[in-house]
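In: build me a structure from this.
(one chain, ligands or ions: 1)
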Amino acid sequence: MKTAVPSAYGLLRELSRAFRGEGIEEPEREAEILVCHALGISRTELYMDACHVDERALRVLDSLFRRRLRREPIEYLTGCAEFYGMRFRVGPGVLIPRPETEMLVEEAVRILNARKSAAVDVLDICTGSGCIAAAIAAEVPSARVVATDISAAAIGYAVENARLNSAGNVVFVQGDLFDPVGGRDFHLIVSNPPYVKSGDLAGLQREVSGYEPREALDGGEDGLGFYRRILEEAPQHLREDGVLLLELGAGQCGAVAEIASECGLRVARVLKDLAGIERVMVLEGPAVQGRA
Ligand SMILES: C[S@@+](CC[C@H](N)C(=O)[O-])C[C@H]1O[C@@H](n2cnc3c(N)ncnc32)[C@H](O)[C@@H]1O
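Out: Numbers count the residues shown, from 1 in each chain. Now for the predicted structure:
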């Protein structure tokens with residue numbers, strides 16, 4: 001990349017061209033994001049092309065450009081990701097929230113809003129950046145949300161993200177799956193656990209395999225290790241009429257439904273994402289089934 005480009009708009013055009021040449025999937029969008037980030041300007045200011053570009057900004061942009069060419073995710077470069085219309089801090093050590101996970105939040109909010117009780121207890125297992133927990137907490141102020149993750153780095157991001165999004169009704173605890181909540185039970189348990197088969201990890205996009213934490217992705221040999229553990233333990237932590245919501249990986253629905261049935265849980269429904277993939281499983285405990 002040349003460094004003596006005088007205007008923001010000129011930089012945008014040069015960066016887009018370079019990204020396109022390097023096979024970056026959305027060259028214009030990513031160039032826009034990085035130029036705005038490096039120059040500290042909005043999109044509108046970028047297109048007005050009226051801002052001053054100094055040497056320092058050029059150096060920052062050049063460094064971001066090189067990191068992106070090494071396929072570091074753009075969200076790690078800017079330090080933030082959008083999820084459910086909210087902004088979340090992300091960086092090395094935490095999974096970047098994915099758009100398909102918004103379905104899990106939408107369904108959780110729908111279920112919680114349909115309940116009659118004033119206060120509801122919600123547990124988010126494998127919270128990562130805290131995106132699911134903070135979004136539910138912000139959308140349903142009467143919810144008392146607890147969220148767990150084994151990674152100290154993830155918990156650090158999650159705490160900051162709840163604060164940034166003014167979600168005061170959520171607490172984060174570090175630990176293995178249900179361990180941090182002891183004998184407590186919940187009206188709603190949600191989880192987007194690691195679900196990639198260990199053998200498939202190396203073949204993921206370079207942005208994912210090279211940068212995102214392995215512990216956020218690796219679901220064991222068949223990708224189902226976390227579903228087994230969560231489904232086995234969930235019945236002890238669900239209230240009488242409690243519901244469990246799980247995000248699923250592509251092609252895992254049948255196997256997860258089988259494990260659920262062995263654990264005494266019933267699949268109430270499965271929601272497909274925009275690509276037609278069975279993405280969210282809604283499960284009920286034995287008490288609800290008894291009443292049906
Ligand atoms: C697929 S990521 C989901 C993150 C976030 N909920 C989201 O949807 O973006 C899975 C998360 O599970 C966490 N994790 C892995 N093993 C765990 C364990 N034994 N107990 C709790 N969390 C675990 C990882 O640190 C990671 O943050």
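In: how far away is the residue nearest in space to the middle of the chain from Leu283?
Out: What sits nearest the mean C-alpha location of the chain, by Cα atoms, centre = their mean, is Pro97, with 2.4 Å. Using Cβ to Cβ, to the nearest Å, one gets 23 Å for the distance from Pro97 to Leu283. C-beta coordinates here come from the backbone N, C-alpha and C atoms, glycine included.
In: how about Ala108?
Out: 13 Å.
In: equivalent analysis for Glu102, please.
Out: Glu102 sits 20 Å away from Leu283, going by Cβ to Cβ.
In: give me the more crowded residue out of these two.
Out: Leu283 (26 against 17; other Cβ atoms under 10 Å).
In: looks like the more buried one contacts Cys263 (just checking).
Out: No: with contact defined as Cβ atoms under 8 Å, Leu283 does not count as touching Cys263 (9.1 Å).
In: count of neighbours near the closest residue to the ligand within the stretch 51-200 of the chain?
Out: When scored by Cβ to the nearest ligand atom, the stretch 51-200 of the chain has Gly128 as its residue closest to the ligand, at 2.4 Å. Other residues lying near Gly128 total 30 when counted by other Cβ under 10 Å.
In: could you say which helix or strand holds the residue lying closest to it once chain neighbours are set aside?
Out: Leaving aside its chain neighbours, Gly128 sits nearest to Leu95 (4.6 Å; criterion: Cβ to Cβ, 6 or more residues apart in numbering). Using DSSP states H and E, Leu95 falls within no helix or strand.
In: sec struct for the residue nearest to the centre of the chain, please.
Out: Assigned with DSSP: H, G, I helix; E, B strand; the rest coil, Pro97 falls in the coil class.
In: any idea how far it is from Val35?
Out: Note on Pro97: its distance to Val35, by Cβ to Cβ, is 24 Å.
In: cool, Ile111 as well?
Out: Distance, Ile111 to Val35, by Cβ to Cβ: 42 Å.
In: and these two? which has more neighbours close in?
Out: Neighbours were counted for Ile111 and for Val35 using other Cβ under 10 Å; Val35 has more, 26 against 19.
In: what's the first-to-last distance across stretch 45-55?
Out: Start-to-end span of stretch 45-55 (Cα to Cα, to the nearest Å) is 19 Å.
In: find the nearest non-adjacent residue to Pro92, please.
Out: Tyr76 (6.2 Å).
In: pLDDT at that neighbour, what is it?
Out: Per-residue pLDDT puts Tyr76 at 98.
In: which ones are touching it?
Out: Contacts for Tyr76 (Cβ atoms under 8 Å, 6 or more residues apart in numbering) come out as Val90, Gly91, Pro92, Ile96, Tyr211.
In: is it correct that the last one is in contact with Ile74?
Out: No: the criterion here is Cβ under 8 Å, and Tyr211 misses it with Ile74 at 10.8 Å.
In: now do the same contact list for Met281.
Out: Applying Cβ under 8 Å, 6+ apart, one finds that Met281 lies in contact with Leu245, Leu246, Leu248, Cys253, Val256, Ala257, Ala260, Val267, Val270.
In: could you dump these into TSV with neighbour count, pLDDT and secondary structure added?
Out: Listed next are those as TSV, based on neighbours: other Cβ atoms under 10 Å; pLDDT from 0 to 100; DSSP: H, G, I helix; E, B strand; the rest coil:
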residue	neighbour count	pLDDT	secondary structure
Leu245	24	98	strand
Leu246	28	98	strand
Leu248	25	98	coil
Cys253	19	98	helix
Val256	24	98	helix
Ala257	19	98	helix
Ala260	21	98	helix
Val267	16	98	strand
Val270	16	98	strand
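In: among the contacts of Tyr76, who's most crowded?
Out: That'd be Val90 among the contacts of Tyr76, by other Cβ under 10 Å, with 25 neighbours.
In: near the ligand, which residues of the stretch 151-292 of the chain show up?
Out: Ser151, Ala154, Asp176, Leu177, Asn192, Pro193, Pro194, Glu215, Ala216 (Cβ under 6 Å from any ligand atom).
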